[in-house]
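Q: Next one to model:
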Amino acid sequence: MAINLSFPDSTYSSSNKPSAVTLKSDLAIIETAVNAMPVKATGAEVTAGTDDAKFLTPKAVTDSTVHIGTAQTVAVATSETTASTSYTALATAGPVVTITISAKGMALVSVYTSLTTTVDTANAFMGFAISGATTVASSDAFALQARTNGSGGTERCSATFLVTGLNAGSNVFTSQYKVNTGTGTFLDRKIIVIPF
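A: Numbers count the residues shown, from 1 in each chain. I've put the predicted structure just below:
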């Protein structure tokens with residue numbers, strides 16, 4: 001960053017020594033300019049590049065950095081059914097992941113299952129509810145959805161979602177299931193959560 005200053009006496013040399021008054025005035029100009037300089041870019045400014053004139057402090061860089069945490073995965077192999085038209089646990093609940101979410105409040109969540117439906121027009125869903133530091137009910141917006149031909153065919157399905165707005169702390173991600181009609185069978189169920 002360049003500072004453009006206009007001094008009352010702009011040439012200092014051995015033959016042109018400023019008076020005490022002039023020197024004091026010039027130093028006051030420098031002090032005012034330095035004090036007016038921005039010393040920290042916010043995380044948002046670093047990310048968006050909205051103010052290149054600001055200095056980056058270590059905290060500003062930290063504020064704008066997303067750290068990827070350690071992924072956790074849990075699987076339930078048991079084949080079980082439901083005819084519920086609202087999200088529910090199967091006889092063997094889960095799978096369930098308990099993980100710590102940072103102040104960034106984000107996680108990447110993947111769900112996987114093999115499924116079968118008994119009716120051609122039936123859709124089967126695998127979603128997840130969040131409890132603990134954050135409370136969010138299972139919803140179609142964060143669920144895999146698939147349909148088989150109703151004659152015993154099996155579909156292997158997965159879906160991945162970026163979940164934001166989580167509260168920092170221990171969050172519990174619990175897999176839940178439903179169908180829109182008929183009966184759904186789910187096996188080899190997995191959930192993977194990567195915190196940010």
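Q: From here on, just use CA atoms for contacts and neighbour counts.
A: Noted.
Q: can you list contacts of stretch 122-138?
A: Identification of contacts with stretch 122-138 by Cα atoms under 8 Å, 6 or more residues apart in numbering yields 87, 111-113, 115-117, 139-140, 142-148, 150, 166-184.
Q: hmm, 7 Å instead?
A: 87, 117, 139, 142-147, 166-182, 184 (Cα atoms under 7 Å, 6 or more residues apart in numbering).
Q: State the mean pLDDT of that stretch.
A: Averaged over stretch 122-138, pLDDT sits at 95.
Q: now swap in stretch 181-196 and tell me
A: Rounded mean pLDDT across stretch 181-196 is 93.
Q: Alpha carbons only: can I get that stretch in PDB?
A: Extracted C-alpha coordinates of stretch 181-196, given in PDB (Å, rounded to 0.1, in the frame of the first residue of the first chain):
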ATOM      1  CA  THR A 181     -46.800 -46.300  -0.700                       C
ATOM      2  CA  GLY A 182     -46.300 -50.000  -0.300                       C
ATOM      3  CA  THR A 183     -43.300 -51.400   1.600                       C
ATOM      4  CA  GLY A 184     -39.600 -50.600   1.300                       C
ATOM      5  CA  THR A 185     -36.800 -52.900   2.200                       C
ATOM      6  CA  PHE A 186     -33.400 -51.400   3.000                       C
ATOM      7  CA  LEU A 187     -30.100 -53.100   3.500                       C
ATOM      8  CA  ASP A 188     -26.400 -52.300   3.600                       C
ATOM      9  CA  ARG A 189     -27.100 -48.900   5.000                       C
ATOM     10  CA  LYS A 190     -24.300 -46.400   5.500                       C
ATOM     11  CA  ILE A 191     -23.900 -42.800   6.500                       C
ATOM     12  CA  ILE A 192     -20.700 -40.700   6.200                       C
ATOM     13  CA  VAL A 193     -20.300 -37.300   7.800                       C
ATOM     14  CA  ILE A 194     -17.400 -34.900   7.100                       C
ATOM     15  CA  PRO A 195     -17.300 -31.900   9.300                       C
ATOM     16  CA  PHE A 196     -16.000 -28.500   8.200                       C
END
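Q: Identify the structural domains in this structure and state their residue ranges.
A: 20-63, 72-195 (automatic domain parsing).
Q: Quote the end-to-end distance of stretch 131-144.
A: 20 Å (Cα to Cα, to the nearest Å).
Q: An error on my part: the question was meant for stretch 172-188.
A: Termini of stretch 172-188 sit 20 Å apart (Cα to Cα).
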